[in-house]
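J.: quick one: sequence and predicted model below, then my questions.
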Amino acid sequence: MDVQYNMEKVMSDLVTLDDGTDITTDELNEWYQELSALRDSGEINMFGAPRLLQDNFDMAKSTSQAIFKSWSENLESYESVHNDWV
């Protein structure tokens, strides 16, 4: 019974990106932090962020674009909750 419960917990923490990739909410939050820190640094135009994810983190193009899209669509609500990081 405990194994079933733990597996349900793990499954509820998964997010399916637009490209069909499954990642955990913790991983998605890490990518959001990375993208927000990049934006705050002013190093690049953020439309180049998906390519940066591809090149620096060996990420598939479709996954990098899906993470960027998710971040940009949820940025305001995410930052209102996580205003104490980076």
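T.: Structure's in. What do you need?

J.: elements contacting the helix or strand that S77 is a member of?
T.: Here S77 sits within helix 61-81, counting by DSSP states H and E. For helix 61-81, the packing partners by 3 or more CB pairs under 8 Å, 6 or more residues apart in numbering; DSSP states H and E come out as helix 25-41, helix 49-57. From N, CA and C alone the C-beta is placed, and that goes for glycine too.

J.: which of those sits closest to E79?
T.: In terms of CB to CB, the element of these nearest to E79 is helix 25-41, at 7.0 Å.

J.: I'd like the helices and strands packed on helix 61-81 as JSON lines, with mean neighbour count and mean pLDDT appended.
T.: Putting the helices and strands packed on helix 61-81 into JSON lines (neighbours: other CB atoms under 10 Å; pLDDT from 0 to 100) gives the following:
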{"stretch": "helix 25-41", "mean neighbour count": "15", "mean pLDDT": "93"}
{"stretch": "helix 49-57", "mean neighbour count": "16", "mean pLDDT": "96"}
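
J.: closest to V81 out of these?
T.: The nearest among the helices and strands packed on helix 61-81, by CB to CB, is helix 25-41 at 10.0 Å.

J.: give me the helices and strands touching the closest one, please.
T.: Using 3+ CB pairs under 8 Å, 6+ apart: helix 25-41 touches strand 14-16, helix 49-57, helix 61-81.

J.: distance to S36 for those - can I get that in a markdown table?
T.: Formatted as a markdown table, the helices and strands packed on helix 25-41 follow (distance: least, CB to CB, whole Å):
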| stretch | distance to S36 |
| --- | --- |
| strand 14-16 | 17 |
| helix 49-57 | 10 |
| helix 61-81 | 7 |
